[in-house]
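**Student:** Next come a sequence and a model predicted from it.
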Amino acid sequence: MKNGQWDWNRSPLNVIEVDGQLVTYDNRRLDAALEAGLDKVKVIKVDPNAPHPNSNTGKTWWQKFQQRFNDKRNKRADGVVPNKGLSQRPIKC
């Protein structure tokens, strides 16, 4: 990403709006972009009630966001990621 070779048109960040705030589904790519010093990245605002394209059980984008927020890899020391996401970069262990 830092050398400008990452194709954001091919893999934009998926985001939903929660109470006026954009929350990303692709937190690791966002973190990598921040680490690379990028000011802007391409995003796609998804409908939280639309079916998630990779769900074979019919889960919506919102349900998949909730699942990811509660994933053990995304838990903070004091609990799961809140619905509005995190306003600061998490501390890496």
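**Tutor:** Arrived safely, thanks for sending.
**Student:** Show me the helices in this structure, by range?
**Tutor:** According to DSSP state H, the chain carries its helices in the segments 27-35, 61-69.
**Student:** what about residue 56, distance to residue 69?
**Tutor:** Distance, residue 56 to residue 69, using CB to CB, to the nearest Å: 20 Å. For glycine as for every other residue, the C-beta is placed from the backbone atoms N, C-alpha and C.
**Student:** higher neighbour count, these two?
**Tutor:** In this comparison of residue 56 against residue 69, neighbours counted by other CB atoms under 10 Å, the higher total goes to residue 69 at 18 against 6.
**Student:** Convert the C-alpha atoms of the helix or strand bottoming out on mean pLDDT in the chain to CSV, please.
**Tutor:** Per-element confidence for the chain was summarised using mean pLDDT, DSSP states H and E. The lowest value among helices and strands belongs to helix 27-35, with a mean of 84. Once non-C-alpha atoms are left out, helix 27-35 reads as follows in CSV (Å, rounded to 0.1, in the frame of the first residue of the first chain):
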residue,chain,number,x,y,z
ASN,A,27,-10.6,-3.2,9.8
ARG,A,28,-7.3,-4.9,9.0
ARG,A,29,-7.0,-3.3,5.6
LEU,A,30,-8.0,0.1,7.1
ASP,A,31,-5.2,-0.4,9.8
ALA,A,32,-2.7,-1.3,7.0
ALA,A,33,-3.7,1.9,5.1
LEU,A,34,-3.2,4.0,8.2
GLU,A,35,0.2,2.3,8.8
